[in-house]
Structure formats: C-alpha cells, structure tokens
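A.B. asks: coords please:
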Amino acid sequence: MFGGLFGKRGSAAARSGPLAGLTVPPSAGVLSCRVLDPVDEPVRQAEFVLSDTAGRKVLAGETDPYGSVLATVPAGEYRLAVTAEGYTPYHGAAVVAEHGHAGLGDLKLQIAPQAQLPAPGDWEIDPTHSQVGFTARHIGLARIHGRFNGFAGVVRIAERMEQSAMHVVIDAASIDTGVQMRDDHLRSSDFLDVGAYPTMEFYSERFVHRGGSRWGVTGALTLHGVSRTVTLDTQYLGLGSGLEGETRGACRATTELHREDFTLTWQTLLARGIAAVGSSITIDLDVQIVPKKG
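C.D. replies: Have a look, this model is predicted:
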C-alpha cells in the first residue's frame, strides 16, 4: 500500500475499519481503491497517477499485491489514471476532504483489444525511422549515451507470429557517442576492434508472447567474435501508414549486455578524461519495419 505524509502532526482519518488509527496531517485526507480485472482478480503492479485540476502530478506509484492503493494527499479535487499492460486505461475523478476518506471502491479494468500484427511475409527495417541506441556507465559515474548509425535488418513474419524470424546486422564502426576521441577508442582493439570484427549480428527464430503488447524475442547476438543468447524485451506498437501510404509496423525493445560475456574485459584509463566503460550496457531499439520490396 502507498501513503505520502505531509507533516508530523495529524489526526485520525478513520476510527474504524482498515483505516482505524491512520494518522493524517492537517489539511489532508485519504484516498483508496482496489484495481480488479474483468473476473474480479486483483491487478498487481498497475501504475496509477493522481493529478490535480491543473494537470500537475501529485502522486504516482503501483498497486500492491492485492491490487490496492492507499494514499494520504492534501485535500482537493483530483484526476486518477490507472494503467496496466494488456488493459484499457481507467480515468476517473475523486474529491478528498480534510480528514476525510475518499473510497473509490473497486475499479475494473477491461481487456484491451489486441493490436493488429504485421501480415505474413518479409519485412525490412526502415533505418530512416529507426534507431539502435545504448547507455553505458563511464567509470561508474556519469552515463554515456550513444547509437549505431549504420544497420540493416529483415523480419520474416510467419502465419503464427511465434514462428517468425529476424536478422539484424550493425556496422560496428558507425558507433557515435558525440565525442570523436571516445568513438575512436571504442572502435579500437581495446573495445570493439572494428578492424577484426566489422559487424555485430543478431539472429532470432523465437518470438514469445508475454501478454498484451509484450513479446520476448530471443536469439544469438554475435559481438567481438563471440555469440551469446540474448532476449529483447519488446513492446509492439502496432501498424500505421507512412507519408506515401505504405504500411508500417513499429516496436520498442531493450536488453542488457555484460561486456565480459563478449571478452571485452579491458579496464585501462586513458589520458584526457577518457575512462573505462562500465560492465553493463543497456541497448534500446526503436524500430519501424516496412514490407520488403522485390
């Protein structure tokens, strides 16, 4: 359960029931609700946002294992938004009185309609509207954000999405962190060694539906001459139309790599402030695919 305290002194908001003895600061009240699915089962870890009438966020969090929310907030009028993967969002209003209890009761979320999947056939990544990005730690402190500017890929959509396959090739030398000296070092034999290993490749034949718009795409990533199994945590965003009327599919995906898994174990510190990259690297993909021509 969630609560926010606005001061050390207060009075009891309720004298009986589950809120008995709860201390509430002056000029505040309590809001509670329970989030359920269509068969009255609690929806745990549903995200909620409580905003004031000006649209400013006052409180945010997740439902507890029983689907419940219990929050102490300043008295006033609020908008409540509840979202959960695979469900249609809930939007409602609440008025919290001083030392009062705004009990919203059971809020039922409805199953969201499934987004239409791409038609079976060969699709290719549109590099103009896609990005392969990454985030790494710089000597364990500041984060380095970068991307690979050169990549290409094909997705073969099967009659059953779970039997689909994809192949992506990334130009290792196209790494771009916005700092030329650092990029040259990352291309060197200390790290990517692009002279010996000019590309990185990902190949998958395993698409697993995780519910709602979530998919797991598992395959072999070959980097620095070493192949390891990697799973992309993928959110399918649906289909749309481009400027020329062509059909497009879109998704976001992320995974975490450990450079020691790919024999990238250097730890040297270089001059002029360029230091070792941390052991964990987060990969973030924003991808649009279009039907392959020819």
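
A.B. asks: how about the helices in this structure?
C.D. replies: Here the chain has its helices, by DSSP state H, at 180-187.

A.B. asks: Low-confidence regions, it specifically.
C.D. replies: 1-22, 137-142, 259-279, 294 (pLDDT under 70).

A.B. asks: Can you pull the domain assignment for it?
C.D. replies: As given by automatic domain parsing, the domain ranges for the chain are 11-108, 121-291.

A.B. asks: tell me how far the longest one is from the chain's mean position?
C.D. replies: Pointing back at domain 121-291 there. Here domain 121-291 is found 15 Å from its chain centre; the criterion is Cα atoms, centre = their mean, to the nearest Å.

A.B. asks: show me the contacts for the residue nearest to residue 240 when sequence neighbours are not counted.
C.D. replies: Computed as Cβ to Cβ, 6 or more residues apart in numbering, the closest residue to residue 240 that is not its neighbour in sequence is residue 248, at 5.2 Å. C-beta here means a position set from N, CA and C on the backbone, and glycine is covered the same way. Contact partners of residue 248, counting by Cβ atoms under 8 Å, 6 or more residues apart in numbering, are 126, 129, 239-242, 288-290.

A.B. asks: Run a quick neighbour tally on the residue nearest to residue 74 when sequence neighbours are not counted.
C.D. replies: Excluding the flanking residues, the one nearest residue 74 by Cβ to Cβ, 6+ apart is residue 28, at 5.3 Å. For residue 28, the count of nearby residues is 24 (other Cβ atoms under 10 Å).

A.B. asks: can you check residue 71 too?
C.D. replies: Around residue 71 there are 24 residues (other Cβ under 10 Å).

A.B. asks: For it, list each beta-bridge partner.
C.D. replies: Residues in a beta bridge with residue 71, per DSSP bridges, are residue 31.

A.B. asks: Would you confirm that it contacts residue 33?
C.D. replies: No: judged on Cβ atoms under 8 Å, residue 71 makes no contact with residue 33 at a distance of 9.3 Å.

A.B. asks: picking up where we left off before, which one (most neighbours) among the contacts of residue 248?
C.D. replies: Counting by other Cβ under 10 Å, top hit in these: residue 289 with 24 neighbours.

A.B. asks: Quick check: closest non-adjacent residue to that one.
C.D. replies: residue 123 is the one closest to residue 289 (Cβ to Cβ, 6+ apart), at 4.1 Å.
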